[in-house]
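Trainee: Would you be able to build a 3D model of this:
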Amino acid sequence: MPASSDDRPSTVDDVHRLAGRLPGAKRLAEASGVVVWQVSGRSFLFFRNPRPDALDPQTGARLTDVIVIWVPDEGEKRALVDDPSTPFFTTAHFDGHLSVLVRASQLDRIGVGELSEIVEQAWLARASKTAARKWLAEQEGAR
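Mentor: Next up is the predicted model:
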């Protein structure tokens, strides 16, 4: 499924819809209420519990709406985090971890098309090589 060209602002519902349409994606809800999306037994996106490393800059309160999204490599992480036009960020806790953070309340700063690409890349980064190859071949055939 090629990434959408939809420029409409993204929402949490879009995160779930985009993750859920990927092959083998499973939505798990932990007892705490945290939602985790997995493929091949590995998380590729999850809604994080409030933690002391991600604080609201105005109030100092722990952020309650942080989403963790895997990325394929450090270069992609830096491109997303270092671009001031995006809502993506990281914390020291995630140094060396191939993921970016985004607040659900700031998803509207990116279009659905861009979010689709990011969620697909997260899935590809965590799917088995066989599943990733098969899906990519299907996408190429659909063009």
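
Trainee: Now do the helices in the chain.
Mentor: Counting by DSSP state H, one finds helices in the chain at the ranges 12-20, 74-82, 112-126, 129-142.

Trainee: Would you convert the ones you listed into JSON lines that also reports mean pLDDT, distance to Phe44 and mean neighbour count?
Mentor: For the C-beta atoms, the positions are set from N, CA and C on the backbone; glycine is no exception. Below are the helices of the chain laid out as JSON lines (pLDDT from 0 to 100; distance: least, C-beta to C-beta, whole Å; neighbours: other C-beta atoms under 10 Å):
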{"stretch": "helix 12-20", "mean pLDDT": "96", "distance to Phe44": "7", "mean neighbour count": "17"}
{"stretch": "helix 74-82", "mean pLDDT": "96", "distance to Phe44": "14", "mean neighbour count": "15"}
{"stretch": "helix 112-126", "mean pLDDT": "96", "distance to Phe44": "4", "mean neighbour count": "21"}
{"stretch": "helix 129-142", "mean pLDDT": "87", "distance to Phe44": "11", "mean neighbour count": "12"}
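
Trainee: want to throw those helices into a markdown table with distance to Val68?
Mentor: Shown next, in a markdown table, are the helices of the chain (distance: least, C-beta to C-beta, whole Å):
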| stretch | distance to Val68 |
| --- | --- |
| helix 12-20 | 11 |
| helix 74-82 | 12 |
| helix 112-126 | 9 |
| helix 129-142 | 20 |
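
Trainee: so which of those helices gets nearest Ser99?
Mentor: helix 74-82 (7.2 Å; C-beta to C-beta).

Trainee: packing partners for the closest one?
Mentor: strand 99-103 (3 or more C-beta pairs under 8 Å, 6 or more residues apart in numbering; DSSP states H and E).

Trainee: list the contacts for the nearest residue to Lys77 once chain neighbours are set aside?
Mentor: Distance criterion C-beta to C-beta, 6 or more residues apart in numbering; nearest residue to Lys77, sequence neighbours excluded, is Val71 at 4.7 Å. Listed by C-beta atoms under 8 Å, 6 or more residues apart in numbering, the contact set of Val71 reads 77, 80, 98-100, 118, 121-122, 125.
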